[in-house]
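Enquirer: mind looking at a prediction? Sequence and model below.
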Amino acid sequence: MNPRTSLKKNVVLNVAGSVIPLLVAIVTVPLYLNSVGAARYGVLSLVWLFAGYFSLLDFGISRATVNMIARTPYSDQPGQQRVLWSALWINGVFGLVGMVLVYPLAQYIFGTVRFDEPGLREELVASLPWLCLTVPLTLVSGVLQGGLEARERFGVLNTLNVIGSLAVQLVPVLLAYQVSVKLDVLIPSIVITRLVLFIVTV
């Protein structure tokens with residue numbers, strides 16, 4: 001394949017992988033507001049934001065993985081696997097340590113926030129173990145995504161990202177309409193969905 005054509009294709013795939021989740025979010029926000037209400041949706045948004053900061057514990061391991069795998073000859077598959085598994089173990093350990101450290105911090109932060117709607121605090125505190133589970137999940141997922149980037153498998157990577165965004169947005173909405181609007185149902189559903197997607201990626 002012509003390098004210029006390959007570059008254009010990869011750019012299109014990456015743009016599509018970023019735009020489609022944004023469009024999905026625009027569609028699902030009214031559904032969330034209609035099903036769970038503004039208060040619970042606001043708390044869910046804070047939870048997603050809080051979980052997003054867990055990627056800071058990566059300390060650049062995922063980016064280093066991309067660099068190392070890309071520099072390893074494609075024919076040296078064992079060498080690429082060693083780099084990938086080393087990074088997975090490192091980030092896995094960082095994730096477990098981070099999970100232990102984040103739990104009391106999250107308990108303090110969300111336990112002291114004032115909620116106007118009754119029951120929100122209890123629902124959120126009950127969901128904290130699930131929320132903390134996203135720490136190792138986020139870190140090891142970042143390494144796997146880095147491995148796909150290094151091998152220029154942007155089609156697979158963006159397909160997984162789009163499916164993941166769809167699932168994480170739609171599963172809680174469906175549960176909110178069909179099962180319960182409580183956070184201790186919605187937050188675990190988000191984490192379980194991400195865990196399933198991680199298993200598929202592996």
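Expert: It's in. Residues are numbered from 1 along each chain as shown.

Enquirer: switch to C-alpha atoms for all contacts and neighbour counts from now on
Expert: Noted.

Enquirer: gap between the most centrally placed residue in the chain and residue 178?
Expert: The centroid of the chain falls nearest to residue 138 when counting by CA atoms, centre = their mean (5.5 Å). Residue 138 sits 28 Å away from residue 178, going by CA to CA, to the nearest Å.

Enquirer: same check on residue 26?
Expert: 21 Å.

Enquirer: show me what contacts residue 165?
Expert: 21, 24 (CA atoms under 8 Å, 6 or more residues apart in numbering).

Enquirer: same thing but 10 Å
Expert: 17-18, 20-22, 24-25, 159, 194 (CA atoms under 10 Å, 6 or more residues apart in numbering).

Enquirer: mean confidence for the strand or helix carrying it?
Expert: Applying DSSP states H and E as the criterion places residue 165 in helix 154-178. The average pLDDT within helix 154-178 is 81.

Enquirer: same thing with stretch 29-49?
Expert: 80.

Enquirer: could you do stretch 128-137 as well?
Expert: 87.

Enquirer: my read: residue 189 touches residue 171, true?
Expert: Yes - contact criterion CA atoms under 10 Å: residue 189 and residue 171 qualify, at 7.0 Å.

Enquirer: neighbour count winner among these two?
Expert: Each of residue 189 and residue 171 has its neighbours counted (other CA atoms under 10 Å); residue 189 has more, 18 against 14.

Enquirer: so the more buried one, which of the three states?
Expert: helix (DSSP: H, G, I helix; E, B strand; the rest coil).

Enquirer: ok, it - contacts?
Expert: 130, 167-168, 171-172, 175, 183, 195.

Enquirer: quick one on the thing from earlier: dump the contacts of residue 165 to CSV, plus distance to residue 94.
Expert: Formatted as CSV, the contacts of residue 165 follow (distance: CA to CA, whole Å):
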residue, distance to residue 94
17, 28
18, 27
20, 31
21, 28
22, 30
24, 32
25, 30
159, 27
194, 19
